[in-house]
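In: heads up, no residue letters with this:
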């Protein structure tokens, strides 16, 4: 048990877990894993917001302004993020190959937007996955 040097903290010491299956929940490795998952989810949310605002306002390309960020996922960890994007309703006539090419050209700008929004030593690599709007609507409905 740890004892704090503070007087009058008003907190009782944390009870030690029993040696049954619940002790794995309190293990140091489990707490560190949960914290790492929380930090990765936080990074994905920050990247989502940064990419959404960058596509809506900072990109000069009108096609990229019609893109909507659907999700940002770690792949396989926080060093690389998969950005799922679909075309806004009404602008689905653009070939997906051209959309991907334009995203690749703007990748530096988008990565910079993410880097300014997060506090990390290195900005994550961005991988774009363009989802057709009809497929995104089907998956969202489920």
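Out: All right, it came through fine. It should be emphasised that the depicted structure is a prediction, and the values quoted were computed from it without experimental measurement. Numbers count the residues shown, from 1 in each chain.

In: count the neighbours of residue 65 for me.
Out: Around residue 65 there are 14 other residues, counting by other Cβ atoms under 10 Å. For the C-beta atoms, the positions are set from N, CA and C on the backbone; glycine is no exception.

In: now the closest residue to it other than its chain neighbours: phi and psi?
Out: Leaving aside its sequence neighbours, residue 65 sits nearest to residue 59 (Cβ to Cβ, 6 or more residues apart in numbering; 5.8 Å). Backbone dihedrals for residue 59, given as degrees, to the nearest 10, come out at phi -80, psi 130.

In: what residues sit buried inside the particular helix or strand that has residue 42 in it?
Out: Following DSSP states H and E, one finds residue 42 within helix 28-53. Across helix 28-53, burial judged by 16 or more other Cβ atoms under 10 Å covers 40, 43, 44, 46, 47, 48, 50, 51.

In: so who does the last one touch?
Out: In other words, residue 51. Residue 51 makes contacts with 69, 72, 83, 110, 113, 114, as judged by Cβ atoms under 8 Å, 6 or more residues apart in numbering.

In: what sits against the last one?
Out: Taking Cβ under 8 Å, 6+ apart as the contact definition, residue 114 lies against 46, 47, 50, 51, 81, 123, 124, 126.
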